[in-house]
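> Sequence plus predicted model, see below.
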Amino acid sequence: MTCKKILYYLTAPIIFGVFSLIFGQDRSYDLAGYHYYNAFAFLNNKTSIDFSVAGAQGFLNPILDIPYYYLNQITHPAFIGFIFGFLNGILILLLYKIIEHVISLNKNHYHKNLILFLSIVGCLTPNFLSSVGNSLGDNITSLFILFSLYLLVINFRVFERPKIEFKFFFTLFIIGFFVGFPVGLKLTNAPFSLAFLIAFFLAIKNSKKNKLFLLIFLGISSFVGFLSSGGFWFLHLWNEFRNPFFPLLSNIFPNKISTLITLSSELTPKNISQGIFYPFLRFFGFKQNFDSLGRQILWPTLYLLIFLFLFVRLKLHKILYSKSNLSFSNFYSIEKFLIFYVFFGYILWMSVFGIQRYLISIELFAPLAIYILIKNFNYNEYKKNVIFLIVCLFTVSYTLLGGFGSWGHTRWINPAIFVAKPIVENSSTATVLMTDMSPIAWMLAEFPSDLAFVRLYAFENIDPFLNDFIHKRYGKFYVIFSGHYNWRNDNVKKWDNFLSVINVKKTKQSCENLDLFIKSVKFRGKVQYNSLNSNESCFLDIADKDRTNQADENNKLIEFNNQKLEKFNFTLNRSSCKAFPARLGMQNWSYIWCEIN
């Protein structure tokens with residue numbers, strides 16, 4: 001392989017590595033709430049002394065979180081961001097190679113610019129871009145599925161032979177293994193792995209006996225991959241709670257602590273009509289509260305095309321107009337597979353989760369699926385190309401012009417995490433109770449590993465278990481909960497520093513213009529004028545309505561959390577309560593630490 005070709009293949013990974021650096025330090029809610037802590041707890045055997053510190057998510061497989069946590073102990077956070085962004089870029093490389101193979105099936109449509117265009121549209125989607133370089137794991141686990149897709153696409157015709165050589169069963173095993181592997185790491189991949197198996201069975205051309213045999217072999221391979229990445233953890237949960245997926249699926253594996261079935265049932269459709277129109281409801285804002293950072297026209301378009309295909313194939317158009325000549329050309333088996341994979345992946349995801357960032361492994365292929373359906377629809381070629389181009393350009397322009405956000409980033413700083421800590425005597429026998437549900441689990445990774453933490457209100461039916469658990473502890477008790485911190489101050493200071501850099505606060509006139517501007521855009525701040533001796537005529541200050549008294553707010557929190565403790569026959573020693581600063585990236589936090597009487 002020549003240097004030119006190596007550089008060519010490295011282009012996308014390097015671009016997304018740099019994009020991750022520009023995005024900044026990950027400070028997502030999930031990182032703060034459980035990703036960072038889960039890795040720390042697993043590596044330090046905290047699962048034997050802590051309980052429900054990270055809520056329900058604290059019982060997820062920690063393996064996926066270990067690289068991010070470990071790298072933070074040994075290297076600069078910016079380097080970690082680049083590495084994770086680089087790995088995300090490999091997804092686009094695999095996507096390009098898959099699209100290249102599919103497009104090459106029809107020499108009349110083969111063009112490198114088309115392949116590149118479909119790859120770019122696939123990656124310029126809100127869910128993929130919003131997850132570049134962060135610790136959530138959705139982009140990383142999609143790598144395994146796309147690798148399996150690539151192996152299957154380049155070997156697809158082999159599995160359509162009446163007699164398959166033994167060596168190709170090893171290839172099929174690898175394909176299945178990496179379809180199941182990401183499910184063990186993160187269960188949110190289950191709909192797409194199942195869709196992969198369904199699509200393979202429906203699309204492949206072979207005898208029913210061979211198709212069934214290949215499906216069983218692929219399913220077993222997937223199960224081996226699933227157990228390889230998650231089997232040890234599921235066994236641990238079974239031994240502890242008699243539920244390998246604790247705290248989920250409690251309807252199948254009932255226990256005294258959890259009644260959870262899934263973590264996101266409020267986002268799934270509740271009836272058939274919602275299911276049929278789900279992509280349209282999501283596009284126009286259906287429950288688009290915490291899970292989505294951008295609207296998607298790709299899914300409504302794909303839904304319409306699939307319904308059109310079914311309408312034509314079932315000849316329902318003949319009922320409406322007997323002389324109708326609507327039709328679709330025959331699809332290649334690989335094209336059928338990709339459409340089935342994307343379609344069934346979406347249906348299963350919609351039925352189980354409904355959280356949009358989980359869609360990445362099928363969303364990357366949505367433009368390709370749309371292209372295949374439009375290409376095979378027997379209609380005016382020019383009009384088809386115009387429709388496809390409009391959909392793609394709308395998707396890209398909407399995304400790039402503010403149609404996607406992020407799950408939380410801040411400026412780079414080394415170390416990424418700082419926590420001021422109290423002195424804890426005899427930490428191996430002490431217990432710290434967590435009385436709120438704020439995402440402060442990341443802070444606990446900075447405390448001694450032998451100090452036990454217990455979150456009191458993680459599950460609804462946990463009281464008897466916790467009472468027994470807590471009263472077996474014989475050392476000193478403490479309590480920790482989030483303190484008050486006015487992040488509005490930091491935001492105003494950030495913009496004030498920026499205005500100093502661009503030099504717009506030098507004169508009284510420029511400050512008056514600035515005052516008019518921030519009032520017109522309803523900025524949460526105000527212009528304050530400096531004394532005559534100052535280098536600048538004014539500065540940005542926090543708005544009066546946003547001012548808070550940290551001591552008063554913390555006293556309210558102390559009272560509130562003391563009431564929560566009384567349920568377990570504990571009370572706070574108020575005189576011992578103290579607020580401590582902490583930092584995740586450049587985002588400041590505060591927590592309160594108290595002794596318990």
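Nice, I can see it. Numbers count the residues shown, from 1 in each chain.
> Verify the stated contact: T571 with N562.
Yes. With contact defined as CB atoms under 8 Å, T571 reaches N562; the gap is 6.3 Å. Any C-beta I mention is one placed from the backbone N, CA and C, and that applies to glycine too.
> Looking only at neighbour counts, state which of these two leads.
Counting neighbours by other CB atoms under 10 Å for T571 and for N562 shows that N562 has the greater number, 19 against 13.
> quick one: the more buried one from Y457, how far?
Using CB to CB, to the nearest Å, one gets 14 Å for the distance from N562 to Y457.
> And N127, by the same measure?
In terms of CB to CB, N127 sits 31 Å off from Y457.
> and if you look at Y398?
Distance of Y398 to Y457, given as CB to CB: 40 Å.
> C511 now?
When distance is defined by CB to CB, C511 is 49 Å away from Y457.
> quick one, which of those two is more surrounded?
When C511 and Y457 are compared for neighbours, C511 comes out ahead with 21 against 16, by other CB under 10 Å.
> Contacts only, for that one.
Applying CB atoms under 8 Å, 6 or more residues apart in numbering to C511 gives the contacts K505, V527, Y529, S537, C538.
> does it sit in a helix or strand, and which one?
helix 508-520 (DSSP states H and E).
> buried residues in that helix?
In terms of neighbour count (16 or more other CB atoms under 10 Å), helix 508-520 has its buried residues at S510, C511, L514, D515, I518.
> May I see those residues organised as CSV, with distance to E553 and pLDDT added?
Below are these laid out as CSV (distance: CB to CB, whole Å; pLDDT from 0 to 100):
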residue, distance to E553, pLDDT
S510, 35, 91
C511, 31, 92
L514, 30, 92
D515, 29, 91
I518, 26, 90
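> from those, which single one is nearest G89?
Nearest to G89 among the buried residues of helix 508-520: I518, at 38.3 Å, using CB to CB.
> now the closest one, nearest residue through space, not along the chain?
Counting by CB to CB, 6 or more residues apart in numbering, I518 lies nearest to G525, which is 6.4 Å off, once chain neighbours are set aside.
> what about that neighbour, neighbour count?
Neighbours around G525, by other CB under 10 Å: 19.
> K167 is in what secondary structure piece?
Going by DSSP H and E, K167 is in helix 166-185.
> For this structure, name the helix or strand with the lowest mean pLDDT.
Every helix and strand in the chain was compared by mean pLDDT, DSSP states H and E; the lowest is helix 317-320, with a mean of 62.
> So what does W407 have for phi and psi?
When read as degrees, to the nearest 10, the backbone of W407 gives phi -90, psi 10.
> Quick one: residues contacting the closest residue to it other than its chain neighbours.
With CB to CB, 6+ apart as the criterion, W407 has its nearest non-adjacent residue at 4.0 Å, and that residue is S28. Contacts for S28 (CB under 8 Å, 6+ apart) come out as H35, N134, S135, L136, W407, G408.
> residues touching the first one, list them.
Read that as H35. Shown in contact with H35 (CB under 8 Å, 6+ apart): S28, D65, Y68, Y69, S135, L136, G137.
> Could you do the fifth one as well?
The contact partners of W407, taken as CB under 8 Å, 6+ apart, are D26, S28, Y29, D30, S130, S131, N134, L136, L293, R357.
> measure the closest residue to the first one other than its chain neighbours to Y29 for me?
Think D26. In this structure, D26 finds its nearest non-sequential neighbour in N134, 4.3 Å apart by CB to CB, 6+ apart. Per CB to CB, N134 is found 11 Å from Y29.
> So between these two, which is more surrounded?
Remark: of N134 and Y29, N134 carries more neighbours, 29 against 13, as counted by other CB under 10 Å.
> how much space between the residue nearest to G24 when sequence neighbours are not counted and V501?
Closest residue to G24 apart from its sequence neighbours, by CB to CB, 6+ apart: H409 at 3.9 Å. Computed as CB to CB, the H409 to V501 distance reads 20 Å.
> Next: V312.
According to CB to CB, V312 stands 59 Å off from V501.
> With neighbour numbers in mind, choose between these two.
Remark: of V312 and V501, V312 carries more neighbours, 17 against 7, as counted by other CB under 10 Å.
> quick check, that one in a helix?
Yes. According to DSSP: H, G, I helix; E, B strand; the rest coil, V312 belongs to a helix.
> Identify the residue nearest it in space, chain neighbours excluded?
L326 (5.0 Å).
> On the three-state scheme, that neighbour is what?
coil.
> Would you list the strands that the longest strand anywhere in the chain pairs with, along with their directions?
Taking DSSP state E as the criterion, the chain has its longest strand at strand 572-584. The strands beside strand 572-584 in its sheet (DSSP bridges) come out as strand 417-419 (antiparallel), strand 587-596 (antiparallel).
> Could I get those in a markdown table, plus columns for mean pLDDT and mean neighbour count?
Putting the strands paired with strand 572-584 into a markdown table (pLDDT from 0 to 100; neighbours: other CB atoms under 10 Å) gives the following:
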| stretch | mean pLDDT | mean neighbour count |
| --- | --- | --- |
| strand 417-419 | 95 | 17 |
| strand 587-596 | 94 | 20 |
